[in-house]
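Visitor: pasted the sequence and its predicted model underneath.
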Amino acid sequence: MARVYMDYAATTPVREEVLEAMLPIYRETFGNPSSIYSYGREAKRVLEEAREKTAKLIHAKPEEIFFTGSGTEADNWAIKGIASAWKGKGNHIITTTIEHHAVLHTCEYLEKNGFEVTYLPVGQDGIIDLEDLKRAIKDTTILVSIMHANNEIGSIEPIKEAAEIAKEKGILFHTDAVQTVGKIKVDVEESGVDLLSFSAHKIYGPKGVGALYIKQGTVIDNLLHGGAQERKRRPSTENVAGIAGFGKACELLETEWETEGKRLLSLRDKMIEGIEKSVPDVVLNGSREQRLPHNINFSFSSCEGEALLLLLDLYGICASAGSACNSASKSPSHVLLATGANIETAHGSLRFTLGRNTTKEEIDRLLSVLPEIVKKLRGTAPFYKN
Ligand SMILES: *Cc1c(COP(=O)(O)O)cnc(C)c1O
């Protein structure tokens with residue numbers, strides 16, 4: 001039985017074209033980009049070509065792209081780097097309650113070190129209220145960090161409007177765009193952000209490679225200290241092959257994301273409609289309209305998400321209960337709780353995220369087994385009344 005992978009928000013398979021771009025780097029272009037002889041120069045050229053492709057996808061200048069070891073590192077750098085460089089001006093940071101842990105736990109760390117953080121609430125649709133942002137700004141605010149779209153429930157945040165509000169007050173704006181780059185339009189110029197994080201493995205590139213966009217002229221401290229790589233801003237001998245793969249993934253998406261986005265959106269809506277038709281007592285989590293084209297997240301009353309996940313796995317279907325980072329812990333998703341869901345609803349949630357290899361047939365297969373699985377679980381649930 002062929003497996004059905006529906007967890008593209010957790011990670012994606014490396015595309016064949018990406019692998020093809022990486023293999024010759026491992027085999028032949030193994031020089032250290034900091035070396036001045038030919039091997040080094042060749043590796044350096046690989047980096048700069050990848051930088052151009054990566055920049056192009058988000059409409060940045062190549063010199064505004066800094067490669068990192070992950071999306072998590074890019075988030076850490078943006079927030080700690082701004083906090084450190086601007087602490088003379090103020091100690092207040094604004095973010096949201098639904099950020100990825102890479103942002104949330106970084107902010108919590110800063111709170112233990114003299115910074116004050118405001119966590120903006122979200123509505124039931126998982127979207128912030130811009131009025132809350134305006135009200136949260138203080139004289140001491142130095143950074144606003146709001147994710148472009150949420151990894152669990154797919155809600156898309158109004159970052160352009162939020163960045164404008166921050167800019168009017170002379171406050172820097174960061175966005176975690178790990179879930180949106182290559183899926184919906186991401187344009188750093190048009191959205192007016194100062195810093196933007198993204199990651200290769202969420203867009204069919206290799207794991208362990210990310211990037212931080214830093215708008216030209218932005219004053220930010222380094223996260224790591226060491227050599228002079230990445231124009232003295234991010235030391236470490238570069239992951240040349242990984243970066244080449246990242247560049248290739250971005251180059252491919254540059255021409256494909258819009259068409260692929262439309263295809264996924266129609267599959268997503270077919271799946272949402274199918275689940276709502278065939279399974280009673282379900283709630284769609286997140287916004288119906290302002291939603292990533294590949295995200296489906298439902299709560300199934302009187303079901304444990306984990307149990308659903310295990311039963312689906314028996315049919316070869318891979319999904320996610322809460323975010324991957326939560327799968328080892330019993331605490332319900334902070335994102336669902338932030339949308340006002342109660343603990344039971346949060347525990348009964350299941351996320352499906354679609355991608356390049358998703359077909360209509362796969363969705364039909366999911367729809368052919370899910371109603372039975374839910375029924376079976378509810379049959380054993382002591383408090384399901386229907
Ligand atoms: C996956 C993800 C990250 C972390 O990126 P890594 O490259 O896995 O460290 C950060 N933010 C969001 C929204 C994500 O989905």
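Guide: Received it, and whenever you're ready, just let me know what you need.
Visitor: and the gap between residue 63 and residue 230?
Guide: Distance, residue 63 to residue 230, by CB to CB, to the nearest Å: 10 Å. In short, each C-beta sits where N, CA and C put it, glycine included.
Visitor: the more surrounded of those two?
Guide: The neighbour count for residue 63 versus residue 230, taken as other CB atoms under 10 Å, is higher for residue 230 (20 against 11).
Visitor: ramachandran angles for the more buried one?
Guide: phi 50, psi 50 (degrees, to the nearest 10).
Visitor: same check, this time on residue 222
Guide: phi -70, psi 150.
Visitor: can you name the residues that contact it?
Guide: 77, 81, 232-235 (CB atoms under 8 Å, 6 or more residues apart in numbering).
Visitor: now flag whichever of these is closest to the ligand.
Guide: Lowest distance from the ligand to the contacts of residue 222 (CB to the nearest ligand atom) belongs to residue 77, with 11.7 Å.
Visitor: can you report how many residues neighbour residue 375?
Guide: 13.
Visitor: let me fix that: residue 190
Guide: With other CB under 10 Å as criterion, residue 190 counts 10.
Visitor: you'd agree it is in a helix?
Guide: Yes. According to DSSP: H, G, I helix; E, B strand; the rest coil, residue 190 belongs to a helix.
Visitor: now do it against the ligand, distance only.
Guide: 20 Å (CB to the nearest ligand atom, to the nearest Å).
Visitor: contacting residues for that residue?
Guide: Counted by CB under 8 Å, 6+ apart, residue 190 has contacts 59, 160.
Visitor: close to the ligand: what parts of the stretch 1-150 of the chain are there?
Guide: By CB under 6 Å from any ligand atom, the residues of the stretch 1-150 of the chain that approach the ligand are 70-72, 75, 100, 102, 147.
Visitor: out of those residues, list just those in strands.
Guide: Of these, none are assigned to strands by DSSP state E.
Visitor: got these as a markdown table, with pLDDT and neighbour count columns?
Guide: Output for those, formatted as a markdown table (pLDDT from 0 to 100; neighbours: other CB atoms under 10 Å):
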| residue | pLDDT | neighbour count |
| --- | --- | --- |
| 70 | 98 | 19 |
| 71 | 98 | 25 |
| 72 | 98 | 20 |
| 75 | 99 | 31 |
| 100 | 98 | 22 |
| 102 | 98 | 23 |
| 147 | 98 | 27 |
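Visitor: contacting residues around the closest residue to the ligand within the stretch 1-150 of the chain?
Guide: Residue of the stretch 1-150 of the chain nearest the ligand, by CB to the nearest ligand atom: residue 71 (2.6 Å). Neighbouring residues of residue 71 by CB under 8 Å, 6+ apart: 100, 102, 176, 178, 197-199, 202, 210.
Visitor: out of the residues you listed, which comes closest to residue 348?
Guide: residue 100 (22.0 Å; CB to CB).
Visitor: hmm, that closest one is touching residue 75, no?
Guide: Yes. Residue 100 is within contact range of residue 75, at 7.1 Å (criterion: CB atoms under 8 Å).
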